[in-house]
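Trainee: Fold the following and give me the result.
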Amino acid sequence: MKDFDKWQKVLTDFMPILNQMGGTNTSVYQEVGNPSNLTVIHEFTSKEKAEAFVNSVELHESRKEAEVIGTPKIWYTNKL
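Mentor: Numbering: from 1, shown residues only. This is a model prediction of the structure:
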């Protein structure tokens, strides 16, 4: 992303939508030495809800608004 503060505001504004889509927790990590590179972990109540979120128009619109650069890498995992 180009501007972390702008990105963070978009994420904060997006949280109610994320929660409505089944999101239960979000963690953000910033790469040491490269503050434009983030790892964002969203937890969901089910894989189906996570997939619906990833494919949602709302998410794609918020990425554009936040000026996300590149295509995010997405993994579906289980917490152990």
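Trainee: What are the contacting residues of whichever strand in the chain runs longest?
Mentor: If you go by DSSP state E, the chain has its longest strand at strand 34-44. With contacts defined as Cβ atoms under 8 Å, 6 or more residues apart in numbering, strand 34-44 is touched by 1-2, 4, 7, 11, 18, 21-31, 50, 53, 69, 72, 79. Yep, even glycine has a C-beta here, placed from its N, CA and C like the rest.
Trainee: Recalculate using a threshold of 6 Å.
Mentor: Strand 34-44 has contacts (Cβ atoms under 6 Å, 6 or more residues apart in numbering) with Gly22, Gly23, Thr24, Asn25, Thr26, Ser27, Val28, Tyr29, Gln30, Glu31, Ala50.
Trainee: Out of these, which two are the most distant from each other?
Mentor: Gly22 and Glu31 (27.6 Å; Cβ to Cβ).
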